[in-house]
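Enquirer: pasting a predicted model and its sequence here:
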Amino acid sequence: MWFQAGRSSTILRHELDRRAVFARSWQLLAQESQLAHTGDHVVGEIAGVPLLIARGDDGELRALHNVCRHRAGPLALCDGRGAKRLRCHYHGWTYALDGQLLSAPEMQTAADFNIASVRLPQARVASWRGLVFVSLDQHAPPLDELLDGMDARLGDHAIENHAFHARESYDIACNWKTYIDNYLEGYHVPHIHPELNRMLDYRSYVVETSRWHSLQHSPLESGDALYGSGEALYWFVWPNTMLNVMPGRMQTNRVLPIGPEHCRVVFDYYYPAAGERRCPISARSRLQRPGSARGRGNVRARATWARIGFLHRGPIEPAARERRAPFPRAFARRLSQCMKKARHEPGFVVP
Ligand code: FES
Ligand SMILES: [Fe+2]
């Protein structure tokens with residue numbers, strides 16, 4: 001009953017999601033083309049922790065806490081290129097690109113202060129096919145394990161050669177899990193996305209599920225001005241990332257909780273670095289964005305059902321049960337690990 005909801009515990013569950021799911025998983029934060037050279041950096045956040053991914057002088061990518069060790073001032077305020085150092089905007093402490101403190105004005109005479117011992121904490125960072133993931137959890141399974149099998153299934157789609165084109169984001173009045181459930185079920189496609197349905201043939205969807213991800217794929221037929229023809233691959237990767245791959249294009253979706261009953265969906269569009277860009281913004285928005293009136297209404301209605309503890313009572317169409325499978329399984333696994341620890345280790349707080 002992972003969807004059962006009661007208003008009294010809503011805020012607690014939101015906090016539990018942040019700590020038990022988002023702070024413990026891999027989050028997609030950047031693409032390598034944004035971090036090609038020394039000093040290139042991207043800012044992001046996981047479970048309330050501000051982060052800064054930077055390429056160091058040694059060529060390594062690091063995910064540093066974007067929080068000064070003095071009084072928590074910010075280092076980078078936005079994405080950037082070619083920084084030589086990271087300088088805090090509050091009192092000017094300066095760090096190297098690997099997180100080592102280099103200078104701290106007027107601190108020379110401070111007792112027990114040793115510049116060499118001050119470093120920005122580091123999160124784990126790993127890349128796959130040009131996508132850069134970060135995890136706060138030193139014990140999360142390696143990224144390779146999370147994405148196991150996806151390389152083989154991608155075949156000729158060289159998504160690592162795609163370049164970033166545009167970002168769209170939408171704030172939606174529902175819990176992040178409701179949005180993901182909507183993505184996974186596909187049952188609504190003929191009704192909410194009739195044009196997309198004509199291209200994809202929803203009834204020929206095939207679903208392949210793995211421990212940490214699921215793939216829905218279908219033949220695709222559309223004019224060259226839209227997606228072209230070939231195969232549409234829709235991956236969901238635990239806990240909140242979607243990867244939509246079609247001939248000559250890729251779109252990533254990230255579903256970010258911004259409150260117990262609100263989420264933000266961030267769509268990033270990528271195309272081959274050299275070559276045509278299929279499907280102009282106006283067309284793709286019409287086809288699939290959650291901001292369309294029908295799409296928004298659909299998700300908002302489901303959010304209401306979820307709030308009153310109603311959603312789980314309806315019958316679930318068999319195909320959708322299969323598509324959704326990895327999400328509730330992984331969610332239940334993660335929560336039960338925390339609950340077990342809480343039972344057996346007095347004083348344990350979900351970190
Ligand atoms: S908070 Fe960064 S220098 Fe003071
Ligand atoms: Fe949809």
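Expert: Yes, it's here. Residues are numbered from 1 along each chain as shown. Ligands and ions are numbered 1, 2, ... in the order given.

Enquirer: hey, which helix or strand in this protein has the poorest pLDDT?
Expert: Ranked by mean pLDDT, DSSP states H and E, the weakest helix or strand in the chain is helix 281-288, scoring a mean of 50.

Enquirer: domain ranges for this structure?
Expert: 26-135, 143-331 (automatic domain parsing).

Enquirer: can you flag the weakest of those domains by average pLDDT?
Expert: Least confidently modelled of the domains of the chain is domain 143-331, at a mean of 78 by mean pLDDT.

Enquirer: quick one: the domains of the chain as JSON lines, columns for distance to ligand 1 and mean neighbour count too.
Expert: No exception for glycine: its C-beta is placed from N, CA and C like everyone else's. Output for these, formatted as JSON lines (distance: least, C-beta to the nearest ligand atom, whole Å; neighbours: other C-beta atoms under 10 Å):
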{"stretch": "domain 26-135", "distance to ligand 1": "3", "mean neighbour count": "17"}
{"stretch": "domain 143-331", "distance to ligand 1": "26", "mean neighbour count": "17"}
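
Enquirer: of the ones you listed, which is nearest residue 12?
Expert: Among the domains of the chain, domain 143-331 comes nearest to residue 12, with 8.9 Å by C-beta to C-beta.

Enquirer: ok so, going back, need the domains of the chain in CSV with distance to residue 19, can you?
Expert: Output for these, formatted as CSV (distance: least, C-beta to C-beta, whole Å):
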stretch, distance to residue 19
domain 26-135, 7
domain 143-331, 12
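
Enquirer: might one say that residue 27 is in contact with residue 53?
Expert: No: the criterion here is C-beta atoms under 8 Å, and residue 27 misses it with residue 53 at 11.0 Å.

Enquirer: can you give me the helices for the stretch 1-150 of the chain?
Expert: Counting by DSSP state H, counting those that start in this stretch, the stretch 1-150 of the chain has helices at residues 10-16, 143-146, 150-154.

Enquirer: redo those as CSV? Include distance to residue 190.
Expert: Putting the helices of the stretch 1-150 of the chain into CSV (distance: least, C-beta to C-beta, whole Å) gives the following:
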stretch, distance to residue 190
helix 10-16, 32
helix 143-146, 32
helix 150-154, 25
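
Enquirer: and those helices: which comes nearest residue 96?
Expert: Short answer: helix 143-146, nearest of these by C-beta to C-beta, at 25.6 Å.

Enquirer: what is the closest one packed up against?
Expert: For helix 143-146, the contact count by 3 or more C-beta pairs under 8 Å, 6 or more residues apart in numbering; DSSP states H and E identifies strand 122-128 as packing neighbours.

Enquirer: redo that, cut-off 10 Å
Expert: Contacting helix 143-146 under the criterion 3 or more C-beta pairs under 10 Å, 6 or more residues apart in numbering; DSSP states H and E are the following elements: strand 122-128, strand 131-135.

Enquirer: rewinding a little: which residues do residue 27 and residue 53 both contact?
Expert: By C-beta atoms under 10 Å, 6 or more residues apart in numbering, residue 27 and residue 53 have these common neighbours: 44, 63, 123, 132, 133, 134.

Enquirer: the fourth one contacts residue 31, doesn't it?
Expert: It stands for residue 132. Yes: counting by C-beta atoms under 10 Å, residue 132 does reach residue 31; the two are 6.4 Å apart.

Enquirer: which residues do those two both contact?
Expert: In terms of C-beta under 10 Å, 6+ apart, residue 132 and residue 31 are both contacted by the residues residue 42.

Enquirer: residues in contact with the closest residue to residue 35 other than its chain neighbours?
Expert: Using C-beta to C-beta, 6 or more residues apart in numbering and skipping the chain neighbours, the partner closest in space to residue 35 is residue 55 (5.0 Å). Counting by C-beta under 10 Å, 6+ apart, residue 55 makes contact with 32, 34-42, 61-62, 81-83, 97.

Enquirer: could I get the contacting residues of residue 259?
Expert: The contact partners of residue 259, by C-beta under 10 Å, 6+ apart, come to 10, 11, 14, 171, 173, 175, 176.

Enquirer: for it, give the beta-bridge partners.
Expert: Going by DSSP bridges, residue 259 is paired in beta bridges with residue 262.

Enquirer: how close does it get to residue 111?
Expert: Remark: distance between residue 259 and residue 111 (C-beta to C-beta, to the nearest Å) = 43 Å.

Enquirer: over to residue 92?
Expert: Distance from residue 92 to residue 111, by C-beta to C-beta: 21 Å.

Enquirer: got it, and residue 42?
Expert: Residue 42 is 37 Å from residue 111, by C-beta to C-beta.

Enquirer: ditto for residue 262
Expert: Going from residue 262 to residue 111 by C-beta to C-beta gives 47 Å.

Enquirer: and residue 213, by the same measure?
Expert: Distance, residue 213 to residue 111, using C-beta to C-beta: 52 Å.

Enquirer: now do residue 65
Expert: 25 Å.
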